[in-house]
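Student: prediction below, plus the sequence it came from.
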Amino acid sequence: MAVATAGAAGYNRRRMSVESEAAPARAPATTPAMPWLLLGAACLGSFAATSSGTTRSPFLIDMARDLSVNLVLVANLVSMTATAWGITSLIAGMASDRWGRRPFLVGGPIGVALCMLGVAQTGDFIGVATWATIGGGCCGLFMGVIFAEVAARVAASHRGRALGWVMTGQSLTLVVGVPLAAWVGAAIGWRGWHLVLAALAGAGALSLWAATQSANAPPRPRRLEGDTSRTALTLPVVALLTISVTERICYGLVVVYFATFLLEQYKVGLEAVALPLALVAVGNVIGTVAGGQLADRLRDRLGLFGLCMIGTALAGLALFAWRPDITVSVAMGFVYVFINALGRPSLMAALAEVPEEVRGTVLGLNGACASVGWVGAAALGSWMIATWGFAGFGPLSAVLAVLGAMLAFARR
C-alpha cells in the first residue's frame, strides 16, 4: 500500500511538473491575454450600435412633434429596434458558429450606417420606424458575435475584464453619446444627429475590418452538426438567460426614460439635461470597469451579480420616490447605474463559460434575451407613464431586480 501510494504521488508530481512546464509555452500562442486592437474596435463598434437607439432618448418629444405622433408611439421605436435586434442576434450567433464571425462583425456596422442615413432622410413615422427597425437588426448581427469573438481570444481568467471593455463601449453611450446627442442635437436636430451616427458606424466597420484580419484571428471553432441551439440550451444557460432579461429591463427603464424623467419632473430645457446625463453615465462606466475586475478575481460570480441586483432594487426605489430636486435625482441615478453595471460583467463571463463550438449561439441567445428586456422596459415604462407616472418605476424595477437576484443565488 505504501509503495502504491508513493508511486501515485510520484506520478502526480511528474504530471504536474510536465503540465506546469508545457502550459506557459502554449498559452501565449493560442490565448493572448488582451487583444487590444480588437478590444478598441469592439468598443467603437458597440458604441455606434448602442448609440443608434439609446441616443434617441433626448429627442423623443421633438420627434413626436416633428412626425405628428404621440410620445408613447415614438418611445416604442425602442421596442421595434430591440425586437429586430434580438431576432438577428440569435440568427447571427448560430451562423457564426458554423461559418465564421468576421462577416457579421464588419457587415453589421455597415448596415447600421446605411439605416441611420435612411432615418435622417425619412419624412414620416412609418419610414423612420422601418429604417430604425432594420438598423436594430443590423446591430443584432454584430453585438452577440463580438462578445463571442473576444471571448475566443482571451483565457478564461481574463474574460471578465475583456468582456467588460466591450461593454464599456456600450456604457460610453450614456457618458458620451446621450449628452453629446442632447448638446449637438440642440443645434442640428434629431435628423442631423442620425447623420453623425452613420459616420460613427462606418468608422466602427472600418476598425473591425482591420482588427479581424486573418493573421490576427483565432482558429475557427469546430463545426457541430445538428441544432446548435438545442445543444447550447442547458438548464444553467437557460437560467442565466432569464436573469439577463430581468437585468436588462431594470437597466432599460432608466436608460430609455431618464432624460424624459428629468425634463418632465423639473421642467428644464433639453440643453440642461446634457451634464446630468453625463454624470449619471459615468457611474455606468466606472461600474462596468470595476465589475470586470471583480469578475476575474472572485470565484462566486453569480453571488456578486445577485448582490448587485439587490442593490439595484433599493436604488430604484430611492431614485423614483425621493425627488426633492434635480441634484438628488442625478446622484441617485449615478448610484443606480453604478450598482447595476457592477454585476453585468460577471453575468457575461458566466455565459461565456461554454464550449467554443456553441459560444456564438449562447451569446446570440443572450442578445435575443437582452432585446426582450429592452422591449419589456419600453413597453412597461410607457404603460407606467400612462397609468401611474414615474412614481411607479421604482416598485417595478425593484420587483424585477429582486427576481433576478433570487435566480442568481439559486444558480450559484
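Tutor: Yes, it's here.
Student: so where's the chain uncertain?
Tutor: 1-33, 174, 214-233, 412 (pLDDT under 70).
Student: which residue is the nearest non-sequential neighbour of residue 336?
Tutor: Leaving aside its chain neighbours, residue 336 sits nearest to residue 315 (4.1 Å; criterion: Cβ to Cβ, 6 or more residues apart in numbering). For every residue, glycine as well, the C-beta is placed using N, CA and C.
Student: the host helix or strand of the one you found: how far from the chain's middle?
Tutor: Using DSSP states H and E, residue 315 falls within helix 301-321. Here helix 301-321 is found 18 Å from its chain centre; the criterion is Cα atoms, centre = their mean, to the nearest Å.
Student: how about residue 69, what does it touch?
Tutor: residue 125 (Cβ atoms under 8 Å, 6 or more residues apart in numbering).
Student: ok, residue 403 next?
Tutor: residue 246.
Student: next, the angle helix 301-321 makes with the helix or strand harbouring it.
Tutor: With secondary structure defined by DSSP H and E, residue 403 is part of helix 393-410. With axes from the mean of the first three to the mean of the last three Cα atoms, to 10 degrees defining the directions, helix 393-410 sits at 170 degrees from helix 301-321.
Student: dump helix 393-410 to PDB, restricted to CA.
Tutor: Extracted in PDB, the C-alpha atoms of helix 393-410 (Å, rounded to 0.1, in the frame of the first residue of the first chain):
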ATOM      1  CA  PHE A 393     -40.900  53.000 -11.900                       C
ATOM      2  CA  GLY A 394     -39.300  52.400  -8.500                       C
ATOM      3  CA  PRO A 395     -41.500  49.500  -7.400                       C
ATOM      4  CA  LEU A 396     -41.500  48.000 -10.900                       C
ATOM      5  CA  SER A 397     -37.700  47.900 -11.100                       C
ATOM      6  CA  ALA A 398     -37.400  46.700  -7.500                       C
ATOM      7  CA  VAL A 399     -39.600  43.600  -8.200                       C
ATOM      8  CA  LEU A 400     -37.700  42.700 -11.300                       C
ATOM      9  CA  ALA A 401     -34.300  43.200  -9.700                       C
ATOM     10  CA  VAL A 402     -35.200  41.000  -6.700                       C
ATOM     11  CA  LEU A 403     -36.400  38.300  -9.100                       C
ATOM     12  CA  GLY A 404     -33.100  38.400 -10.900                       C
ATOM     13  CA  ALA A 405     -31.200  38.200  -7.600                       C
ATOM     14  CA  MET A 406     -33.200  35.200  -6.500                       C
ATOM     15  CA  LEU A 407     -32.500  33.300  -9.700                       C
ATOM     16  CA  ALA A 408     -28.800  34.200  -9.400                       C
ATOM     17  CA  PHE A 409     -28.500  32.900  -5.900                       C
ATOM     18  CA  ALA A 410     -30.400  29.800  -6.800                       C
END
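Student: let me see the contact set for residue 111.
Tutor: 134, 135, 137, 138, 141.
Student: contact partners for the third one?
Tutor: Remark: with contacts taken as Cβ under 8 Å, 6+ apart, residue 137 is in contact with 84, 85, 87, 88, 111.
Student: ok, those residues vs residue 269, which is closest?
Tutor: residue 85 (31.2 Å; Cβ to Cβ).
Student: excluding chain neighbours, give the residue nearest to residue 236 in space.
Tutor: Residue 236's closest residue in space is residue 411 (Cβ to Cβ, 6+ apart), at 6.2 Å.
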